[in-house]
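In: My questions concern the predicted model and sequence given below.
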Amino acid sequence: MSRNGKVLVAMSGGIDSTVAALMLHNQGYEVVGITMKTWDYAHSGGGKKETGCCNLDSFNDARQAAVDHGFPHYVLDIREEFGDFVINNFVEEYIAGRTPNPCVLCNTHIKWAALLKRANALNCDYISTGHYVKVREENSRFVLSKAKDLTKDQSYVLWGLGQDCLSRSIYPLGGYLKTEVRQMAFDMGYKELSKKAESYEICFVPDNDYRGFLKRQIPTLEAEVEGGDFVLTNGKVVGKHRGYPFYTIGQRKGLDIALGRPIFVTKIIPETNTVVLGDADELQQGSMLVGGINMVKYDAIPDGMEATTKIRYKDPGMDSRLSVEADMVRVDFSHMVSGIAPGQSAVFYEGDDVIGGGIIRSGF
């Protein structure tokens, strides 16, 4: 019988989840490892092998760590539920002219739900991953906050986790720097793992070519959308594009159009297959509406609450004021911000704590 309880640890085979599992094992938890297969890249028609969390080597690395330390390990195939939900949403968002964030969707609706379901089946008290975040209980709520290593902090991609998940989650790496985690892996005898490179790709687009992925998912797409207009903000047509789903807000490279000055995608209009171009200052906006809100630190947002709001993963955040409008939150920034992209996540912070987050609906 474990002195700390039984914990189901999601093990990708990478350094972070492996060290997290071994830390918990050494702390006296009864550890059960589980590796989730989310996607078979060969089915998408891509030319590269599977990478990241979905390749056989990663599965074997996770299993070997479990065998080395005498705790069970399972492989869980969730490709069907992942594909139906995450892939369909990914494609639908681009078709709607928005820029999706599939990792947030997967974490919120697929991986943690799968972890909780299997944890219950295996009589586990807790679930754990190798994410760089912290969780604590405060005022009868479980609060997600930034990790010690701000360069690795992943609170932005976990804003959608509900209290049911957070109340049972353990994140052993939240109080460590990445360099410290690498040293721990080395000290534990995993010298090769301690030097293992990290993957920043979307797991089902390992070649980073989302346009090619869309074309493979919808073979008729390119023919249906090619030849739309590039227009300036004043409506002047300045060229033809390859199809609105193949562009994102803020994009500058790959436009294949020369106007004698730097030009950016400022708006996408799917109804007319139009891509609006403008100067950098036309990307600047002072407000936005955010929907699909999930509250973390509080039950609700007080009208006029001050917060730091991030609109992308590497965004340092901007001072802002939050107000509730129907089922959405209006965010008014203290200064103009660039590249507000509908479909991306907006996360509200109070210091290091996540107040809550949602999906950007529009900027203005």
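Out: Ah, there it is.
In: residue ranges for the strands of the stretch 51-200 of the chain, please.
Out: 73-77, 126-128, 133-138, 141-146, 169-170 (DSSP state E, counting those that start in this stretch).
In: most tightly surrounded among the ones you listed?
Out: Mean neighbour count (mean count of other CB atoms under 10 Å) peaks for strand 126-128 among the strands of the stretch 51-200 of the chain, with a mean of 23. Quick note: C-beta positions are derived from backbone N, CA and C, even for glycine.
In: Return the distance of that strand from the chain's centre.
Out: Relative to its chain's centre, strand 126-128 lies at 19 Å (CA atoms, centre = their mean, to the nearest Å).
In: Run me through the strand neighbours of that strand, direction for each.
Out: strand 6-10 (parallel), strand 169-170 (parallel) (DSSP bridges).
In: Among the strands of the stretch 51-200 of the chain, single out whichever gets nearest to residue 251.
Out: strand 141-146 (28.9 Å; CB to CB).
In: picking that back up, so which of the strands paired with strand 126-128 is the most surrounded?
Out: Highest mean neighbour count among the strands paired with strand 126-128 (mean count of other CB under 10 Å): strand 6-10, a mean of 25.
In: Mean pLDDT and distance to residue 260 added to the strands paired with strand 126-128, as a markdown table?
Out: Converted to a markdown table, the strands paired with strand 126-128 look like this (pLDDT from 0 to 100; distance: least, CB to CB, whole Å):
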| stretch | mean pLDDT | distance to residue 260 |
| --- | --- | --- |
| strand 6-10 | 97 | 51 |
| strand 169-170 | 97 | 53 |
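In: Turn those strands into TSV, columns for distance to residue 233.
Out: Listed next are the strands paired with strand 126-128 as TSV, based on distance: least, CB to CB, whole Å:
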stretch	distance to residue 233
strand 6-10	46
strand 169-170	45
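In: Distance-wise, check the spatially closest residue to residue 77 that is not a sequence neighbour relative to residue 88.
Out: Leaving aside its sequence neighbours, residue 77 sits nearest to residue 37 (CB to CB, 6 or more residues apart in numbering; 5.0 Å). Distance from residue 37 to residue 88, counting by CB to CB, to the nearest Å: 18 Å.
In: And for residue 363?
Out: 25 Å.
In: Check residue 213 too.
Out: From residue 213 over to residue 88 (counting by CB to CB), the distance is 13 Å.
In: Compare those two (neighbour count), which wins?
Out: Neighbour tally, residue 213 and residue 88, criterion other CB atoms under 10 Å: the higher count belongs to residue 213, 23 against 11.
In: quick check: domain ranges of the protein?
Out: 6-194, 222-278, 283-363 (automatic domain parsing).
In: for the second one, the distance to its chain's centre please.
Out: Translated: domain 222-278. Per CA atoms, centre = their mean, the centroid offset for domain 222-278 relative to its chain is 26 Å.
In: okay, how far is it across that domain, tip to tip?
Out: 24 Å (CA to CA, to the nearest Å).
In: start the count at 524, not 1, going forward
Out: OK, 524 is where the count begins now, so the last one is domain 745-801.
In: What average pLDDT does that domain get?
Out: Mean pLDDT, domain 745-801: 95.
In: Stretch 835-845 now?
Out: pLDDT averaged over stretch 835-845 gives 95.
In: Tell me the buried residues in it?
Out: The neighbour-count check on stretch 835-845 (16 or more other CB atoms under 10 Å) flags 835, 836, 838, 841, 843, 844, 845 as buried.
In: Filter these down to the ones in strands?
Out: 841, 843, 844, 845 (DSSP state E).
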